[in-house]
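Student: Fold the following.
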Amino acid sequence: MELTNRQKEVLLAINQLATRNGYAPTLREVMEYLEYNSISAVQRHTDALKKKGYLSSDRQLKVENYFKNKPNIPLVGMVTCGEPILAVENIEAYIPYDVPGDPKDYFFLRAIGDSMNLAGIDDGDLVLIKKQFDAQNGDKVVALIGDEATIKVFKKSKDHVILEPKSSNPANKPIYVLDDIQIQGKVVDKIRFN
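Tutor: Predicted structure coming up:
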């Protein structure tokens, strides 16, 4: 059965806490990990996950089958200048996630800021990226600008590239790139994580 983004978020948190701590987390631990305001918010999602068969009804939570046979996709943290985006030191965690094709072609980035909120990407979301080094007009891409990775809409004109925000915040402005641009990949999915 399909899961909502919130249910995926809770299930992923349970898996990460269980992996880190060596035991299934309590509702309170999940609430604190996700920075929810109440245990009842977690309980509502875990009840739905139990009904859908993803959790057992034990006193503590136990992931049963959601993460079986799912490839581990790396979550990339800070990217520094001149370093490949998937350098080992940049990987914060691995997230079990179904992807089409070769899992090695994918990675997650944590979105920071509100420059793409009108495109459905909010601060704190985990954005699934498919590695590729070119882009078509209108693609949501990850590009390296100096020492930072940025997610923007790609637009190419005759002599430059525009990396355009899709934001309700007027402080977010387009980035004009006159030199060679380093496209790292294309946005294909996201997990809401805030």
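
Student: so Lys70 touches Val63, yeah?
Tutor: No. Lys70 lies out of contact with Val63 (C-beta atoms under 8 Å); the separation is 11.1 Å. For glycine as for every other residue, the C-beta is placed from the backbone atoms N, C-alpha and C.

Student: Looking at those two, which one has more neighbours?
Tutor: Counting neighbours by other C-beta atoms under 10 Å for Lys70 and for Val63 shows that Val63 has the greater number, 20 against 13.

Student: and Tyr97, what pLDDT?
Tutor: For Tyr97, the pLDDT comes out at 87.

Student: ok, longest helix in this protein?
Tutor: Ordering each helix of the chain by length in residues (DSSP state H) puts helix 5-21 first.

Student: what's downstream of that one, the next helix or strand?
Tutor: Of the helices and strands lying after helix 5-21 in sequence (DSSP states H and E), the nearest is helix 27-34.

Student: Tell me the confidence at the residue positioned nearest the centre of the chain?
Tutor: Nearest residue to the geometric centre of the chain (C-alpha atoms, centre = their mean): Leu126, 1.5 Å. Looking at Leu126, its pLDDT reads 86.

Student: Now do the longest helix of the chain, average pLDDT.
Tutor: On average, helix 5-21 scores 85.

Student: Residues in contact with that helix: which ones?
Tutor: Contacts to helix 5-21, defined as C-beta atoms under 8 Å, 6 or more residues apart in numbering, come from residues 3, 24-25, 29-30, 33-34, 42, 45-46, 48-49, 52, 54-55, 61-63, 66-67, 93, 95-96, 191-193.
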